[in-house]
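**Student:** sequence and computational prediction follow.
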Amino acid sequence: MKQTKAPATTPSPKQGVLKTQSKGGDSKALTLFIGAVFDLSWQMAIVVLVPIIGGYELDKSLHTTPALTIIGFILTMVGTYVVIKKTLVEYSGRTIIEPKGHK
């Protein structure tokens, strides 16, 4: 097996490669993260609160305790799965590309 020397310097990344750190902080990544958090938080609040509270209130008025609350909880689990999967698919394809020479 032939041995080769390691390069003297680390090669610089090619154009279009995701940068993880920059001098002034990675404001694009932070903005993307904050946007994703707010987007997910209001969707999760609706998906969790509406079916459970709706089922509870319907149970009180129809005297069917706890049947509709349980159905609301099951709808919450399904809705949570859908919202998280949609968010992961939406944000997994996003990358932060900085043009060559941009610092």
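**Tutor:** Noted; the coordinates are in hand.

**Student:** okay, now the unreliable bits of the protein?
**Tutor:** 1, 11, 13-25, 94-103 (pLDDT under 70).

**Student:** ok, Thr87 - contacts?
**Tutor:** Ala36, Asp39, Leu40, Gln43 (C-beta atoms under 8 Å, 6 or more residues apart in numbering). Backbone N, C-alpha and C define where each C-beta goes, glycine included.

**Student:** what about those, which are in strands?
**Tutor:** Among the contacts of Thr87, no member falls in strands (DSSP state E).

**Student:** return the closest of those residues with respect to Tyr81.
**Tutor:** Gln43 (12.2 Å; C-beta to C-beta).

**Student:** for that closest one, give its distance to Lys60.
**Tutor:** Distance, Gln43 to Lys60, using C-beta to C-beta, to the nearest Å: 27 Å.

**Student:** comparing these two, which shows the higher neighbour count?
**Tutor:** Gln43 (17 against 12; other C-beta atoms under 10 Å).

**Student:** please identify the helix or strand for the closest residue to the more buried one other than its chain neighbours.
**Tutor:** What sits nearest to Gln43 in space, not counting adjacent residues and going by C-beta to C-beta, 6 or more residues apart in numbering, is Val83, at 4.8 Å. Assessed by DSSP states H and E, Val83 sits inside helix 67-92.

**Student:** since that was my last question, I'll sign off now.
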